[in-house]
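In: Need a 3D model of the following:
(2 chains, ligands or ions: 1)
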Amino acid sequence: MARLQVERLGGLAGLGGPLSRIRSRGEIDCQSLSAADRKAVDKLFESHARPKSTRSKPKTLGRDTFTYRLTRATSDGEETIEVPESLLPESLFGCVRDELV
Amino acid sequence: MSRGSRGVAGQGGCCCFIIPTEVLKRFSHDKKLSAEERQAFGEMVRYEKLWRDFRVDRTEHLRAVQAILPSALTAAAAGPPAFSVFDCRNGTKLPGVLVKKPATSTDASAKRAYTQTAAVARFFDQVFGRNSIDNGGMPLNSSIHYSVKYNNAFWNGSQMTYGDGDGQIFVDFTQSNDVIAHELMHGVTQYTLGLDYANQPGGLNESLSDVFGSMFRQWQAKQTVDKADWLVGREIMGPAALARRYTCLRDLSKPAGKHCLAPQVTNFSQYRDGLGPHTSSGIANLAFYHAAMAIGGKSWEKAGRVWYGVLTGSGVKPKMTMKQFATQTRKLAGTLFPNEPAVKTAVDAGWKAVGL
Ligand SMILES: [Zn+2]
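Out: Modelled structure (predicted):
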């Protein structure tokens, strides 16, 4: 994986909604991540690749927390997952930029 | 549960959670450490998971207790809540470092988080006889300066967290008193209806936070409904948002307004599953606004009591729909105000105006 597209969703302002006036997107070169963070990102994609019934879904009581949509290119085309901020390596937080649209 | 143990739970748990789980895991396999040390780190990892599950279980346990005991008894059984503020110092580990005397802190965010959280607790106590989020005196913890230029505030299941904003679109999220009440209210909903966070229950969940956030703002300003601004997040708008004439995050009186940075739908005919909770909540926000305006006076005295009564008197209903909530408020308005039929009429008309 080389480039990872990142979109921030949710939060108190409900980013990513159909009426949303803030767009929060970015991109990061995975080679710029530490080995541990690269591995963490790989694991996130791997756990989503498993059938839904075998995925461990943590109970969450978080409200207004962000979710991130991560997209990467694979040999089979693009692969997209959505993960809660609490599972995302912190080094990815900074790659998105909030813009008024 | 004793007050002491509740205090520990409320403060974010054991000190080991200052160390990230990944680091704990690494230490648990680090051959440079002794076998005992490796084992200790391994146990810490397991304990952290237990702690996370405990938070969920505690919510469920308290809900069960409160379903049995009369609410006044649960509230009186515990003392008033303690308020603590933690400084994340632009990191993301919660809760952060304890701010020693937040009430007199030179850090305006710490002072605001402390003062306004205490004020929200007073609002719930004086208006509804509720003792903190769980009606059992749960300590109220807030973390400030979360992450870097962080454009958000959230409730993580056990505490409030506030970012500083990027200084462009948003400024410090502690600046709006209704935002503080909004986040704390997510805790109240968690310990009462326990609403899900998607589809209709998600929209209701968000609306309850906006409604009680706005109600608290009006109570603090001693405003009648006609004097209130009904805005959410007016004081957190940054210069770039203001330059585009966005004057608030949301407006309960005009959820789809051009001045709203986060506009919402206004009628149930626009609702569909998958619409985010912050978008669909406009329907129930507008219903409350119409009801409160038609009743007149102070929003927390009549409309607020009806909404609070349904929130706390319906048991745990994670899947409650907007229509079910509307039906319950119609019924309760008649029960609570039998000699004032105008209240029930106003509640009924409020929901009808949004297609419910
Ligand atoms: Zn919310």
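
In: can we go C-alpha only for contacts and neighbour counts from here?
Out: Will do.

In: Provide a list of residues in contact with the spatially most central residue of chain A.
Out: Residue closest to the average C-alpha location in chain A (Cα atoms, centre = their mean): A:Tyr68, at 3.2 Å. Residues in contact with A:Tyr68 (Cα atoms under 8 Å, 6 or more residues apart in numbering or on different chains) are A:Val6, A:Glu7, A:Arg8, A:Leu9, A:Glu82, A:Val83, A:Pro84, A:Glu85.

In: pLDDT added to those residues, as CSV?
Out: What follows is the contacts of A:Tyr68, written out as CSV (pLDDT from 0 to 100):
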residue, pLDDT
A:Val6, 96
A:Glu7, 97
A:Arg8, 97
A:Leu9, 96
A:Glu82, 93
A:Val83, 93
A:Pro84, 94
A:Glu85, 94
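
In: Go back to those and keep what's next to the ion.
Out: Among the contacts of A:Tyr68, not one lies near the ion by Cα under 5 Å from the ion.

In: Kindly indicate the member of those with the most neighbours.
Out: The residue in those with the most neighbours, by other Cα atoms under 10 Å in any protein chain shown, is A:Leu9 (27 neighbours).

In: Any idea what it is bridged to?
Out: A:Thr67 (DSSP bridges).

In: OK, contacts around it?
Out: A:Leu15, A:Gly16, A:Gly17, A:Ser24, A:Phe66, A:Thr67, A:Tyr68, A:Arg69.

In: again, only this time at 10 Å
Out: Counting by Cα atoms under 10 Å, 6 or more residues apart in numbering or on different chains, A:Leu9 makes contact with A:15-17, A:20, A:22-25, A:64-69, A:82-85, B:276.

In: Report the separation between it and the ion.
Out: A:Leu9 sits at a distance of 13 Å from the ion (criterion: Cα to the ion, to the nearest Å).

In: Report the separation between the residue nearest to the centre of chain A and A:Phe45.
Out: Remark: distance between A:Tyr68 and A:Phe45 (Cα to Cα, to the nearest Å) = 12 Å.

In: can you put the contacts of A:Tyr68 in TSV and add secondary structure and distance to B:Leu336?
Out: As requested, the contacts of A:Tyr68 are exported to TSV (DSSP: H, G, I helix; E, B strand; the rest coil; distance: Cα to Cα, whole Å):
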residue	secondary structure	distance to B:Leu336
A:Val6	strand	50
A:Glu7	strand	47
A:Arg8	strand	44
A:Leu9	strand	40
A:Glu82	strand	44
A:Val83	strand	44
A:Pro84	strand	41
A:Glu85	helix	42
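
In: Any idea what residue 97 is bridged to?
Out: Picking chain A for this. A:Arg25.

In: Chain B is the one I meant
Out: Bridge pairing for B:Val97 - DSSP bridges - gives B:Asp87.

In: residues contacting it?
Out: The neighbours of B:Val97, taking Cα under 10 Å, 6+ apart as the test, are B:Ile18, B:Val85, B:Phe86, B:Asp87, B:Cys88, B:Arg89, B:Ser143, B:Ile144.

In: Phi and psi next, for the nearest residue to the fifth one once chain neighbours are set aside.
Out: Leaving out its chain neighbours, the residue that sits closest to B:Cys88 by Cα to Cα, 6 or more residues apart in numbering or on different chains is B:Gly96, at 4.3 Å. Backbone geometry at B:Gly96, expressed as degrees, to the nearest 10, gives phi 100, psi -160.

In: which parts of chain A sit against chain B?
Out: Residues of chain A found near chain B (Cα under 10 Å from any Cα of the partner chain) are A:9-22, A:36, A:40, A:58-66, A:86, A:90, A:93-94, A:97-100.

In: just to revisit the earlier point, can you work out which residues contact both of A:Tyr68 and A:Phe45?
Out: Residues touching both A:Tyr68 and A:Phe45 (Cα under 10 Å, 6+ apart) are A:Ile81, A:Glu82, A:Val83.

In: Tell me the pLDDT of the closest residue to the ion within chain A.
Out: Residue nearest to the ion within chain A: A:Asp64 (4.7 Å; Cα to the ion). What the model reports as pLDDT for A:Asp64 is 98.

In: Quick check, it in contact with B:Glu183.
Out: Yes - taking contacts as Cα atoms under 10 Å, A:Asp64 lies within contact range of B:Glu183: 8.1 Å.

In: quick one, which of the two is more surrounded?
Out: B:Glu183 (27 against 23).

In: What are the buried residues along the helix or strand hosting A:Thr71?
Out: For A:Thr71, the host element (DSSP states H and E) is strand A:66-74. Within strand A:66-74, the residues scored as buried using 16 or more other Cα atoms under 10 Å in any protein chain shown are A:Phe66, A:Thr67, A:Tyr68, A:Arg69, A:Leu70, A:Thr71, A:Arg72.

In: The stretch 51-200 of chain B: helices as residue ranges?
Out: Using DSSP state H, counting those that start in this stretch, the helices of the stretch 51-200 of chain B run over residues B:71-77, B:108-128, B:177-190, B:199-220.
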